[in-house]
Every structure is written in C-alpha cells, then in structure tokens.
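**Student:** Here is the input, now give the coordinates:
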Amino acid sequence: MTDPVPIDRGDLDQDAATARFARAVLYLRVSTKEQAERGGNAEGFSIPAQRDACLRKATSLGAEVVEEFVDAGESAKTAHRPELQRMLAYLKEHPTTFVICHKIDRLARNRVDDVEINVAIRSSGATLVSCTENIDETPSGALMHGIMSSIAEFYSKNLANEVIKGSVQKAKSGGTVGKAPTGYLNVRKWENGREIRTVEIDPERGPLMQWVFEQYATGEWSLRTLLDEVTRRGLVTTPGPRTPSKPLVLSHFLRLLRHPYYKGVVRYRGVEYPGSHEPLISEATWERVQQNLSNANTAGDKHKKYSHYLKGSVFCGTCGERLIITMAKNRHGVVYPYFICVGRQKKRSGCRQKAALIDIVELRVEEHYAKIQLAEEHANRLRSVLLEQMSSQRAAAEHERDLQQKRLHRLSSERAKLMEAFYNEAVPPDLLKAEQSRITSEMEHAKRRLSVLSAEFDVIETNLNVAIEFAKNCERAYLAAAPRVRRQLNQSIFKKLYIHEDHEVTATLAEPFRTLLSDEVRQLVPADDRTSETTNPQANEMVGGLRVNYLVGAEGLEPPTPAL
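**Tutor:** Residues are numbered from 1 along each chain as shown. Below you'll find the predicted structure:
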C-alpha cells in the first residue's frame, strides 16, 4: 500500500482518488429555536437541508465526514456559540482537511469574528469550504470570501435595524414589544386568515397583580411581607415553552411595581407611548405606589421586628447615634436590660455616654409627655386662632387649584404635540425621551399640589380638632396605651427622642405637633395660658406669623400610622 498523496489545498476539484484520505467536519446552524423546531421535527427543515448539501460537497471533495457540529437556535452575532467553540477545540486536537459549511454566514455575521474563526481554522491546518460560494485559498477565492463576509455583516446589521424600526412603529401604535409582564398574556388570534398578536389580562395573575398595586399604595405593607402574602395567594411567573412557573423573587417583584405597563403605558428604548392594552390600575394608584417605593427602606424594605416599643425612637443625647438594646448579666445571673449608644459600641463616634437602664428611660419618656401637652385654655385659644387662619386660606387655595389645573392641561397638550412631532419624525428619540421626562416631572409636581389643595377643609378642620384634643391629653393617652400603641405614638409625635447622660429627655417633634407645640403658636395666647416648656429648639426662629402650610400637608393633619 502506497503512502497517501498530499492534498493541494488550492485545487478543491482534484481527483477523488488523490483525496481519499481527506477528513472533513461539518458546521450547521440556524438562528432561532423556531427554525430549529419548525415542522414538528427536532431539527426543523433547515438543518437537514444544510447537512445534505454539506455531505454532497464532502463527497465531491473525496473527503470522509468524521464529525458534525450543530448550533440550533444560535445567532451568529457573536462567536461564543457552544458548538462552534467545540469545533475549534476539536480542530486543535484532530488533524482535519476541510471545514464544510452551507454558507459563510453560517459561521459569522461580522468581519471581526470571520477573521478570527478563519485564523483558527487555518492554524489547525484545515481549509474552509462553502457549499454555495466559490471560497478557496486562491486570490479570487479570498476576494469572494471577503465580499461574502461583508455582505453577511451588512445583512445582519440591516436586519437588526429593520427589527428596531418595526418595534418602534409597533410601540408608537400602542403595541407590546416582546413578552408582556406578569399579569398579562401574549395571545395569538386568527382573523380572516391573518395572524394577529395581542395582549390580554391574565385571568389568574391579573387580579393578583392588581391587588398587589392597590395594597402597596396604602403604605401599610413592606415589599417582603407583600411578596410573601401574594405568593401565598398563588402568584407565580408566567410559564414559557421550556420554563415552568415559579415564585417571584424580590428584585423581580420590585421591577414589576415600577413597570409603567400596568397603568397602560408601553416603554421601548427609554421612550414611553400610550399602550393599546387594558390597564390594570389607575394613574393615581401608580403614583402612590411609586411614592411609597421612593420612601421605602433603601436596604431592601426589610420588615423589622422590635423587641421594645422605644427602639428606633430613642437616640444618644451626646453624639446623636441610635440607642440599641443590650442585656447585661451580673455575677448572680440577674439580667438587666440597657439602652446603649451604637456609636460607642462600634467605636465610630468617640462617644463616652454610659448605658441607661431601660426602666429609667421608660419613666423619663412618660414624664416628657407631661411637659409637652397643652393646657386646656391654651388649646381652646389655639383652636379658634387656627380655624380663623384656615378660613383665610380657602380663597388662596381655590386660586392655586385653578392655576395647577390649567398647568396640567397645558402640559397634556404639550405632551400630545410632542408625540405628534415624533410620529412625523420631526423630533429625534433622545430629545423625545428628555422632554417626556421633563413633562412627566412637572405633571407629577402639579398633581401633588392638587392633591394637597383638593383636601376638604371640613376634613382638615376635623383632623385639627382631633390633633388639638390629643395634644391636651397626650400624657394620659400614653400612660394608658399598650406597648404597640406607645410605639406608634412616639413615632407619630417625635422625630427623635434624645436620652442624655443624666437620663434627661429632649426631642424634635414631627408635624403637625412641631407647629402646634412651637413657641410661635404658644405666643398666640396670653402668657398665663402657656405651658412652661417647649421641646423644639428651632421654634424660636419661627417669627412673623403662623406658617399654616406646616399644618396642612398632603396627608392632612392626622399623623400617619407607621407600618409595623
């Protein structure tokens, strides 16, 4: 038996007998899973057709096919394809004569990857062969290779650009680009022989997502507790062709709550468009949810458990750090609960304030309530003065309400004109995005002002009376309250309670009590009607008239109840 004759790689039409010792590998690829599975076949229609063409080419070259590599559902935009990388690794370990593909674009869709793949093939000693293109190592073959590689790259980029243009047009018309979020279903319908793709509310998950938004808008839930509850009620992700349903994770849950799709808005490439799908929630509910998310705990909105009703309200009077609870045990095994400064414990503030027995701190806080409450005469005089002040605000509130409503109307018209200009291609997408952000911000501000101004004065008056009555009897209410209620009272009345070295208590007050118990308000009544002390050191700066706007915030006069 004679030795094999070396193959001249520049002549691919050599006699088959000369090339009988040639070894070939095949590379086959389709871009999408749909192509790979079309026709109910595990390989679809394209893969077998490519294989048949490559086998015929191998036969014409007199080469034996020793291995086959198939990337089914892999894009050629990147060279990081599992079977392609496995083929390049195989070529390094096994002498191979030919790498046969159906077309050059099966290997690469851009010139950079094409060069790198061809360098790897040539380095292994193999030659790339195309079934449909005259590719070889001759000058004309190299020219053809370069031309076909450039055409493949142009096709890929042009196709991507056309897809983006189509998606933008779909979003402009209110259509959903891609998969709809949890609570909706992508649906295919046939009308008059045409396929129509639309979105419908998921009958199982839609009501649950609607409930989630409505509950979080109340401000009474943390993200974690709400997620646990809705998971218990049965909310899971929408299953895919190969992915089963599973419970939502916190990060995914947070993204859903921030998704404008639920209020009827489609967002694509940073630009928002009015959607044609049915919204699950109102604009007002959406705004309340976003506001609550902005105010949520930045550490993940953790649901905290408090071991004492003063924890979270008391702070060190020396350095201002939070006081935490520690349990000290003496040599007889008796346990004493203390409040200690976290700044001293972690040695980050240089604080030297000693620990304070919790029993003593509790007593001092109770005594502090007696110092801040209003006398009967003071409260009655204060009520009449504030109600008189409020009556003068009605006309001003009506005037500003009209201004804000006109502002909203103007901004809505401006947004409509902006979208019309964008549809007529007179405004680029980046400018549209910036203008949309500005208009949205201004509209939110106007809506917040209207929310404040729309408060019924009768309701405000009722809440004012409740607040004043409570300020008259806050000591008695606190002494009679259970620990859970005491915690709510402390967080509603005080921003911070400072415990000093000698166990003295000072505090900064929260609204509306900061105003009701301030020196400015106390000066509205005769000196013999005033209580003797104030706990707000900043109140002395408040001169020149009563600032009634402190009393009438977006939440009214009744202090909000903190979520536990």
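
**Student:** nearest residue to Arg29 other than its sequence neighbours?
**Tutor:** Residue nearest to Arg29 in three dimensions, not counting chain neighbours: Asp71, with 4.3 Å by C-beta to C-beta, 6 or more residues apart in numbering. C-beta here means a position set from N, CA and C on the backbone, and glycine is covered the same way.

**Student:** Just to check, that neighbour is in contact with Pro82?
**Tutor:** Yes: if you go by C-beta atoms under 8 Å, Asp71 and Pro82 touch, sitting 6.9 Å apart.

**Student:** out of those two, which sits in the more crowded spot?
**Tutor:** Counted by other C-beta atoms under 10 Å, Asp71 and Pro82 do not tie: Asp71 has more neighbours, with 23 against 10.

**Student:** quick one on the thing from earlier: in which helix or strand would I find the residue nearest to Arg29?
**Tutor:** Per DSSP states H and E: Asp71 is located in strand 63-72.

**Student:** tell me which strands and helices that strand is in contact with?
**Tutor:** In terms of contacts (3 or more C-beta pairs under 8 Å, 6 or more residues apart in numbering; DSSP states H and E), strand 63-72 is packed against strand 22-30, helix 46-61, helix 82-93, strand 98-101.

**Student:** Single out the most deeply packed of these.
**Tutor:** strand 98-101 (a mean of 26; mean count of other C-beta atoms under 10 Å).

**Student:** and that one, how far out from the chain's middle?
**Tutor:** Offset of strand 98-101 from its chain centre (C-alpha atoms, centre = their mean, to the nearest Å): 47 Å.

**Student:** strands paired with it, and their directions?
**Tutor:** Partners of strand 98-101 in the sheet, by DSSP bridges, are strand 22-30 (parallel), strand 127-130 (parallel).

**Student:** where does the protein dip in pLDDT?
**Tutor:** Flagging of the chain using pLDDT under 70 yields the residue ranges 1-21, 32-45, 75-77, 136-169, 171, 296-307, 392, 453-458, 518-564.

**Student:** In it, where's the longest helix?
**Tutor:** Using DSSP state H, we find that the single longest helix of the chain is helix 376-423.

**Student:** Could you pull out the buried residues of the helix or strand just after it?
**Tutor:** Using DSSP H and E, the helix or strand that directly follows helix 376-423 along the chain is helix 429-453. Buried residues in helix 429-453, counted by 16 or more other C-beta atoms under 10 Å: Leu432, Glu435, Gln436, Ile439, Met443, Ala446, Lys447, Arg449, Leu450, Val452, Leu453.

**Student:** Buried residues, stretch 508-517. List them.
**Tutor:** Leu509, Ala510, Glu511, Pro512, Phe513, Arg514, Thr515, Leu516, Leu517.

**Student:** Then stretch 220-237?
**Tutor:** Trp221, Ser222, Leu223, Leu226, Leu227, Val230, Leu235, Val236, Thr237.

**Student:** And that stretch, how far out from the chain middle?
**Tutor:** Using C-alpha atoms, centre = their mean, the offset of stretch 220-237 from its chain centre is 16 Å.

**Student:** what about dumping the CA coordinates of that stretch to PDB?
**Tutor:** Provided in PDB are the C-alpha atoms of stretch 220-237 (Å, rounded to 0.1, in the frame of the first residue of the first chain):
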ATOM      1  CA  GLU A 220     -49.300  49.500  55.100                       C
ATOM      2  CA  TRP A 221     -47.100  46.800  53.500                       C
ATOM      3  CA  SER A 222     -43.400  46.300  53.200                       C
ATOM      4  CA  LEU A 223     -42.200  44.700  49.900                       C
ATOM      5  CA  ARG A 224     -41.200  41.500  51.600                       C
ATOM      6  CA  THR A 225     -44.400  40.900  53.500                       C
ATOM      7  CA  LEU A 226     -46.500  41.800  50.500                       C
ATOM      8  CA  LEU A 227     -44.500  39.400  48.300                       C
ATOM      9  CA  ASP A 228     -44.900  36.700  50.900                       C
ATOM     10  CA  GLU A 229     -48.600  37.200  51.000                       C
ATOM     11  CA  VAL A 230     -49.300  37.400  47.300                       C
ATOM     12  CA  THR A 231     -47.100  34.300  46.800                       C
ATOM     13  CA  ARG A 232     -49.200  32.500  49.400                       C
ATOM     14  CA  ARG A 233     -52.300  33.600  47.400                       C
ATOM     15  CA  GLY A 234     -50.800  31.900  44.300                       C
ATOM     16  CA  LEU A 235     -48.900  34.500  42.300                       C
ATOM     17  CA  VAL A 236     -46.100  32.800  40.200                       C
ATOM     18  CA  THR A 237     -44.400  33.700  36.900                       C
END
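
**Student:** coming back round to it: Throw the buried residues of helix 429-453 into a markdown table and include distance to Glu93, thanks.
**Tutor:** Shown next, in a markdown table, are those (distance: C-beta to C-beta, whole Å):
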| residue | distance to Glu93 |
| --- | --- |
| Leu432 | 54 |
| Glu435 | 59 |
| Gln436 | 56 |
| Ile439 | 62 |
| Met443 | 64 |
| Ala446 | 69 |
| Lys447 | 67 |
| Arg449 | 72 |
| Leu450 | 73 |
| Val452 | 74 |
| Leu453 | 77 |
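
**Student:** with those residues in mind, which one is nearest to Ile493?
**Tutor:** Proximity of the buried residues of helix 429-453 to Ile493 (C-beta to C-beta) peaks at Val452, which lies at 22.1 Å.
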